[in-house]
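**Q** what's the 3D shape of this:
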Amino acid sequence: MTDMAIVASGLRKAFGDRTVLAGVDLEVRAGSVFSLLGPNGAGKTTTVNILSTLLRPDGGTARVAGRDIASETRAVRAAIGVTGQFASVDDLLTGEENLRLMADLQHLGKGGRRVVADLLERFDLTDSAGTLASTYSGGMRRKLDLAMTLVGRPRIVFLDEPTTGLDPRSRRIMWDIVRGLVADGTTIFLTTQYLEEADQLADRVAVLDQGKLVAQGSPGELKRQVPGSHVRLRFADSAAFDSARRVLTDATPEPDNLTLRVPGDGGATSLRRLLDRLDEYAIDVDELSVHTPDLDDVFLALTGHHSAEVTVP
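**A** Purely as a prediction, here's the structure:
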């Protein structure tokens, strides 16, 4: 595999008179987490379906694991795994039987038993391996679903909103699993509605809005594009607050809690300069905190609106 696990150019897709993708370009580096962020209907699942060869685009090209999705479909499918929004486990089988079924479909032979045992242990499902999947909790079903995806040891895994509907604890368990996969060299293409999820996991984030990518970059890079970073200073008494207010004329005062909001990027150099200035006037700061825009602010700045469906859990 080259440095790029996925490269797409000009992907277009419409259903009737509704354009879902209007020329999407993206690159995903091997061994990284790439998050496609957007509300329901933005085109995230359509993008996954195209890149995983489940749907043909109306236009554009894409290579996944170095293979063309149109002319080398079999090779693409051999290199990828896909976990959708809804767990695809068989409720009439136990957890172990679900995994063995996948191993048989992958023609793993005798080696399949070792793979199944390893996955049950890795996903903390060994104790429930002999239990029917119908009795599993939502979090356990998602873990089993992802384990089934990994039976064939795919180099690239598409996770289409894998934590939708999970409680916070189960969501964080899935995050840890994703981090473990990437540490082992797996490439993760993650779609999500959760801003915090993209912020926590992704090396790069692409913001999809109305069928178009409106920005790409690391979470930090995207946040730095948005104004609003500031340093919050809280003082122990009104005398120190008033003194600082006279010195820091560009700060926004909050007299009720003796706090000043000082514009700045929050970097070490600017923080040192700010504190040196206060020291020069012998002004003591009781509390200091740095505040930067979050991905919700980024989405607002890039699209002109907050999305009620792109949320922080």
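**Q** Near Thr53, how many residues? Count them for me, please.
**A** 20 (other C-beta atoms under 10 Å). C-beta coordinates here come from the backbone N, C-alpha and C atoms, glycine included.
**Q** With the one 3 residues further on instead?
**A** Here the neighbour count serves as a burial measure; for Arg56 (other C-beta under 10 Å) it reads 11.
**Q** in a strand, that's where it is, yeah?
**A** No - according to DSSP: H, G, I helix; E, B strand; the rest coil, Arg56 belongs to no strand; its state is coil.
**Q** Low-confidence bits of this structure, can you list those?
**A** 1-2, 86-87, 304-313 (pLDDT under 70).
**Q** Spatially central residue in it, please.
**A** Ala198 (2.8 Å; C-alpha atoms, centre = their mean).
**Q** Let me know whether that residue touches Leu222 as I believe.
**A** No - here Ala198 lies out of contact with Leu222, judged by C-beta atoms under 8 Å, at a distance of 9.6 Å.
**Q** what do the two both touch?
**A** Val205, Leu295 (C-beta atoms under 8 Å, 6 or more residues apart in numbering).
**Q** Could you say which helix or strand holds the residue nearest to the centre of the chain?
**A** Using DSSP states H and E, Ala198 maps to helix 195-201.
**Q** what about the helices in the stretch 151-300 of the chain?
**A** Assigned by DSSP state H, counting those that start in this stretch, the helices in the stretch 151-300 of the chain fall at 168-183, 195-201, 219-224, 238-247, 268-280, 295-303.
**Q** what's the residue nearest to Ser229 when sequence neighbours are not counted in contact with, if anything?
**A** Nearest in space to Ser229, with sequence neighbours left out and distances taken as C-beta to C-beta, 6 or more residues apart in numbering, is Thr292 at 4.8 Å. With contact taken as C-beta under 8 Å, 6+ apart, Thr292 is in contact with Lys223, Arg224, Gly228, Ser229, Gly266.
**Q** give me that answer again for 10 Å
**A** Applying C-beta atoms under 10 Å, 6 or more residues apart in numbering, we find Thr292 in contact with Gly220, Lys223, Arg224, Val226, Gly228, Ser229, His230, Asp265, Gly266.
**Q** Got the phi and psi for it?
**A** Backbone geometry at Thr292, expressed as degrees, to the nearest 10, gives phi -120, psi 160.
**Q** on that earlier part again, of all the helices of the stretch 151-300 of the chain, which one is nearest Leu101?
**A** For those, proximity to Leu101 was assessed by C-beta to C-beta; helix 168-183 is nearest, at 20.9 Å.
**Q** pull the CA atoms of that closest one into CSV?
**A** Output of helix 168-183 as CSV, limited to C-alpha atoms (Å, rounded to 0.1, in the frame of the first residue of the first chain):
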residue,chain,number,x,y,z
PRO,A,168,-21.1,7.2,26.9
ARG,A,169,-19.3,4.3,28.4
SER,A,170,-19.8,2.0,25.4
ARG,A,171,-18.8,4.8,23.1
ARG,A,172,-15.5,5.3,24.9
ILE,A,173,-14.8,1.6,24.8
MET,A,174,-15.3,1.7,21.0
TRP,A,175,-12.9,4.7,20.8
ASP,A,176,-10.3,2.6,22.6
ILE,A,177,-10.8,-0.2,20.2
VAL,A,178,-10.4,2.1,17.2
ARG,A,179,-7.1,3.5,18.7
GLY,A,180,-5.9,0.0,19.1
LEU,A,181,-6.6,-0.9,15.5
VAL,A,182,-4.7,2.2,14.3
ALA,A,183,-1.8,1.4,16.5
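**Q** Check which helices and strands it sits against.
**A** In this structure, helix 168-183 packs against strand 33-37, helix 111-122, helix 138-149, strand 156-160, strand 187-192, helix 195-201, with contacts taken as 3 or more C-beta pairs under 10 Å, 6 or more residues apart in numbering; DSSP states H and E.
**Q** can you put these in a markdown table and add distance to Arg234?
**A** Converted to a markdown table, the helices and strands packed on helix 168-183 look like this (distance: least, C-beta to C-beta, whole Å):
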| stretch | distance to Arg234 |
| --- | --- |
| strand 33-37 | 33 |
| helix 111-122 | 45 |
| helix 138-149 | 39 |
| strand 156-160 | 41 |
| strand 187-192 | 34 |
| helix 195-201 | 26 |
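**Q** Pick the most deeply packed of those.
**A** Mean neighbour count (mean count of other C-beta atoms under 10 Å) peaks for strand 33-37 among the helices and strands packed on helix 168-183, with a mean of 26.
**Q** I'd like to know how many residues surround Pro168.
**A** Pro168 - counted by other C-beta under 10 Å - has 10 other residues nearby.
**Q** Adding distance to Pro162, write the helices of the stretch 151-300 of the chain out as TSV.
**A** Formatted as TSV, those follow (distance: least, C-beta to C-beta, whole Å):
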stretch	distance to Pro162
helix 168-183	6
helix 195-201	9
helix 219-224	18
helix 238-247	47
helix 268-280	36
helix 295-303	18
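**Q** Quick one: closest of those to Gly23.
**A** Nearest of those to Gly23, taken as C-beta to C-beta: helix 295-303 at 16.7 Å.
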